[in-house]
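S.K.: got a sequence here, can you build the structure:
(4 chains)
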2 protein chains.
Amino acid sequence: MLNERKKKILQLIIEDYISTAEPVGSRTIARKYNLGISPATIRNEMSDLEMLGYLEQPHTSAGRIPSAQAYRFYVDSLLEPGALTDNDMALINSWFRERRRSIDEIFQSTAKILSRMTQNVSMVLANKSDTAVFRYMKFLPLDDRHAILCIVTDDGNVDNCVVEIPLGMRPEELDYMAGRVSRLLEGKPLSSISETLLSAVHTDIVEDKLLFTSLLNTINKMNRKHQQQRVFLGGTKQLLSQPEFRDMDRVRDLLGILEEEKVVRDLLLAGEDSGLKITIGSENKFTGIQDCSMVQATYRLNGQVVGTMAVLGPTRMEYSKVISVMDYLHKYLKTIFQQEK
Amino acid sequence: MLNERKKKILQLIIEDYISTAEPVGSRTIARKYNLGISPATIRNEMSDLEMLGYLEQPHTSAGRIPSAQAYRFYVDSLLEPGALTDNDMALINSWFRERRRSIDEIFQSTAKILSRMTQNVSMVLANKSDTAVFRYMKFLPLDDRHAILCIVTDDGNVDNCVVEIPLGMRPEELDYMAGRVSRLLEGKPLSSISETLLSAVHTDIVEDKLLFTSLLNTINKMNRKHQQQRVFLGGTKQLLSQPEFRDMDRVRDLLGILEEEKVVRDLLLAGEDSGLKITIGSENKFTGIQDCSMVQATYRLNGQVVGTMAVLGPTRMEYSKVISVMDYLHKYLKTIFQQEK
DNA sequence: GTTAGCACTCGATTGTTTGGAGTGCTAACA
DNA sequence: TGTTAGCACTCCAAACAATCGAGTGCTAAC
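M.R.: Here you go, the predicted structure:
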């Protein structure tokens, strides 16, 4: 175990490196922070810390930089949960107020704020729950040959689809049919309304092939919409301001990965179970981001996973700031979602 | 006016520079392309072309690069409309087939293909027409205190909103109210249903304040949706492969601009009138992209602007390729949209 | 255990040299 | 008169060398 002084020195080195991105030397530590010990002593301690795997030297005569192990230790043991400054909070509040119409926009804003505050790429996965239950369906007349098929779910959502009315069918017949189908499907979760169940509807009630296909389509559409998981990215250009991404090729690789929505989704889903998850360097199993760190927070509402947000950046990341921003956003989202429900 | 030989030399220089991104010298031209004249002669011609403003020298002992004026002349007079290779066409076809569900996905694919084929940033603006006309509204019951307000437009679109039913109001009353409002608003374009017109509805028919606000909201929502112009970006990371964007700061600036959807929209709208528009360097009035070129094509269906697509890149751009790709995509979209209608 | 002192290392910076690609000019040629 | 070979000249880029300084490790003294 590290003694207190070693811990202190390690912490200072990490924090100095996080803010300057330059290898830290013993003199720097001695000069900047008043520890009451000489550079030589610090050098000895640093040498020990290097032996123990916490520090690395880019080359013989450079300062030292924290290893992945050091960051791990830092976030586990040294990190002090710092509060956001009032300024930051005000900034977040104003950004959120900027536009807040639909759910999607809220998520998009979240991603934007997260990236702006942390100077890193942010990812937000919006997990729509799939608990919608079929309530009833109805036809809204359009013209002689067309009507709008509306399907209403429990949670007050409606989806619709224009259908062609079979020749010779009267509005009352349509209404009657809608009523019968509704009675049959009412209370069933959308996700459970499979083709097999519908086939009963088909043979019994909706004889017209085209009409039936429309019904099926609309249900499927709603289903998809309900369990859709949308990914929102923020501040990919922030990458360019990080010195570790001076190298264009690296940036391009990473942007390529981020451009694949599926990959990002998988990445986020992988860490969805725990509340706050910090992955440092090669702890992450996804190829291409193994020299990055990721801080991910999953938020729930009544036990259900509503979404997850993450910040992806160099291992040299302001973990403390990232965590407090996420924490604040988390609370913010919570109130918003509770209002919505 | 330039004589044939000057034109030929200018063309070769431009095309060589486009493909190599290196200043072109007289020797290169003489060696690569068999013009039957010596480097010295070419030098003389180049000197003339520089006098005339078509060429520039980065420094005394370098080759020459085309000026904006040269590119302008090139696209106006020298450009030969080259057809796409079979390979390219096959590639486009396969990418389009990849996924093609919704309109949005088609636009997104278009942006993606455009950027991949041209190695530049692409922008696609999907212009939804705003000709929807109010048809009728209806309430779908939900529970004792809530109903879904549906508004149906001519083109078969429905939008909805959950409303709270005023205490003590019976379903028949709701239906009656819906009928009266419908009769009042029927046939009016959504865009023309302003607050003033609605206020008549308010005082005359819908007495409940909350109900009225919901009605207003839904109409506004539909309105927005109808005249929504969505912007799709493609291949922003392509920027990084262009040598003129070696400089991180420049990339960041440009990405910053592209991230602002509003700016991109304005940019695209500005060039929407003409069929094919090529803007070179400072011809573009938008700050921040004045050292870039943009090729923009607007596509119409029955006279109506459906959308516009553009490629943004360095002035050293493969104009010929860009144009032929756009042309092909244009035809592709045309068939797709004609099917849809 | 701590620290001052010192030799040593090595990247970054700066200066210098060299090579080559390219030009412009001139004189000769068809 | 237009074309071309020849040549001196320019200037960037790459290669190389010298220097600087931040940092280390080690030793000896406190």
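S.K.: span of stretch A:242-250 from start to end?
M.R.: End-to-end distance for stretch A:242-250, by Cα to Cα, to the nearest Å: 12 Å.
S.K.: can you tell me which helix or strand the closest residue to DNA strand C within the stretch 51-200 of chain A belongs to?
M.R.: Nearest to DNA strand C in the stretch 51-200 of chain A, going by Cβ to the nearest atom of the strand, is A:S61, at a distance of 2.6 Å. All C-beta atoms are positioned from the backbone trio N, CA, C, and that covers glycine. Per DSSP states H and E: A:S61 is located in neither a helix nor a strand.
S.K.: now A:F232
M.R.: strand A:229-234.
S.K.: repeat that for A:S320.
M.R.: helix A:319-340.
S.K.: need the next SSE after the lowest-mean-pLDDT helix or strand in chain A, C-terminal direction.
M.R.: When the helices and strands of chain A are scored by mean pLDDT, DSSP states H and E, helix A:195-204 comes last with a mean of 75. Using DSSP H and E, the helix or strand that follows helix A:195-204 in sequence is helix A:209-226.
S.K.: and that next one, what other elements does it pack with?
M.R.: strand A:146-153, strand A:158-164, helix A:195-204 (3 or more Cβ pairs under 8 Å, 6 or more residues apart in numbering or on different chains; DSSP states H and E).
S.K.: mind putting these into TSV with distance to chain B and mean neighbour count?
M.R.: Compiled in TSV, the helices and strands packed on helix A:209-226 are given as follows (distance: least, Cβ to the nearest Cβ, whole Å; neighbours: other Cβ atoms under 10 Å in any protein chain shown):
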stretch	distance to chain B	mean neighbour count
strand A:146-153	5	22
strand A:158-164	4	20
helix A:195-204	19	13
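S.K.: turn those into CSV, including distance to B:I148.
M.R.: Output for these, formatted as CSV (distance: least, Cβ to Cβ, whole Å):
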stretch, distance to B:I148
strand A:146-153, 6
strand A:158-164, 6
helix A:195-204, 23
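S.K.: what's the closest of those to A:E260?
M.R.: Proximity to A:E260 (Cβ to Cβ) singles out strand A:158-164 among those, at 28.5 Å.
S.K.: just checking, what packs against the closest one?
M.R.: strand A:134-143, strand A:146-153, helix A:209-226, strand B:158-164.
S.K.: contacts for the shortest one?
M.R.: With Cβ atoms under 8 Å, 6 or more residues apart in numbering or on different chains as the test, strand B:158-164 has contacts from A:140, A:148, A:150, A:156, A:158, A:160, B:139-140, B:142, B:145-152, B:210-211, B:214-215, B:217-218, B:221-222, B:225.
S.K.: next, the residue in the stretch 101-250 of chain A positioned nearest to DNA strand C: phi, psi?
M.R.: Relative to DNA strand C, the nearest point of the stretch 101-250 of chain A is A:R246 (11.1 Å; Cβ to the nearest atom of the strand). Phi and psi for A:R246, reported as degrees, to the nearest 10, are phi -60, psi -30.
S.K.: how about the residue in chain A sticking out farthest from the centre, secondary structure?
M.R.: Using Cα atoms, centre = their mean, the residue of chain A lying farthest from its centre is A:G168. It sits 51.4 Å away. When classified by DSSP: H, G, I helix; E, B strand; the rest coil, A:G168 comes out as coil.
S.K.: what does A:M123 give?
M.R.: A:M123 - assigned by three-state DSSP - is strand.
S.K.: does it touch A:L233 like I think?
M.R.: Yes: under the criterion of Cβ atoms under 8 Å, A:M123 makes contact with A:L233 at 5.9 Å.
S.K.: follow-up on the earlier one: any idea how far B:S199 is from the residue farthest from the centre of chain A?
M.R.: Going from A:G168 to B:S199 by Cβ to Cβ, to the nearest Å gives 44 Å.
S.K.: give me the neighbour count for A:L125.
M.R.: Per other Cβ atoms under 10 Å in any protein chain shown, the neighbour tally for A:L125 reads 24.
S.K.: with adjacent residues omitted, what lies nearest to A:Q296?
M.R.: A:A310 (3.9 Å; Cβ to Cβ, 6 or more residues apart in numbering or on different chains).
S.K.: show me what the helix or strand hosting the one you found is packed against.
M.R.: Taking DSSP H and E as the criterion, A:A310 maps to strand A:304-314. Other helices and strands packing on strand A:304-314, by 3+ Cβ pairs under 8 Å, 6+ apart, are helix A:103-118, strand A:121-127, helix A:261-270, strand A:292-301, helix A:319-340.
S.K.: list the strands paired with that strand, with their directions.
M.R.: With DSSP bridges as the test, strand A:304-314 is paired with strand A:121-127 (antiparallel), strand A:292-301 (antiparallel).
S.K.: those strands: which one's closest to B:T28?
M.R.: strand A:121-127 (42.0 Å).
S.K.: can you pull the contacts of A:K334?
M.R.: Taking Cβ under 8 Å, 6+ apart, we find A:K334 in contact with A:299, A:301.
S.K.: how about A:N284?
M.R.: A:290, A:292-294.
S.K.: one more time with 10 Å, if that's ok
M.R.: The contact partners of A:N284, taken as Cβ atoms under 10 Å, 6 or more residues apart in numbering or on different chains, are A:267, A:270-271, A:290-294, A:312.
S.K.: which of those are buried?
M.R.: Buried members of these, counted by 16 or more other Cβ atoms under 10 Å in any protein chain shown: A:267, A:271, A:292-294, A:312.
S.K.: for the spatially closest residue to A:S282 that is not a sequence neighbour, which three-state class applies?
M.R.: Leaving aside its sequence neighbours, A:S282 sits nearest to A:Q290 (Cβ to Cβ, 6+ apart; 4.8 Å). When classified by three-state DSSP, A:Q290 comes out as coil.
S.K.: is it true that A:Q290 touches A:L254?
M.R.: No: look at A:Q290 against A:L254 with Cβ atoms under 10 Å: they stay out of range, at 11.1 Å.
S.K.: run a quick neighbour tally on A:I113.
M.R.: By other Cβ under 10 Å, the residues close to A:I113 number 25.
S.K.: separation between it and chain B?
M.R.: Between A:I113 and chain B the distance, using Cβ to the nearest Cβ, to the nearest Å, works out to 14 Å.
S.K.: how about A:D48?
M.R.: Distance from A:D48 to chain B, by Cβ to the nearest Cβ: 38 Å.
S.K.: secondary structure element for that residue, which one?
M.R.: helix A:39-51.
S.K.: just the residues contacting that helix, thanks.
M.R.: Under Cβ under 10 Å, 6+ apart, the answer for helix A:39-51 is A:2-3, A:5-10, A:12-13, A:24-31, A:33, A:35, A:37-38, A:54-57, A:63-64, A:66-67, A:70.
S.K.: what residues does the following helix or strand past that helix touch?
M.R.: The first helix or strand that comes after helix A:39-51 along the chain, using DSSP H and E, is strand A:55-56. Outside strand A:55-56, the residues that touch it by Cβ under 10 Å, 6+ apart are A:9-10, A:13-14, A:17, A:23-24, A:45-50, A:62-70.
S.K.: next SSE downstream of strand A:55-56?
M.R.: strand A:65-66.
S.K.: who are the packing partners of that following strand?
M.R.: helix A:4-20, strand A:55-56 (3 or more Cβ pairs under 10 Å, 6 or more residues apart in numbering or on different chains; DSSP states H and E).
S.K.: quick check: mean pLDDT across the first one?
M.R.: Taken as a whole, helix A:4-20 has an average pLDDT of 95.
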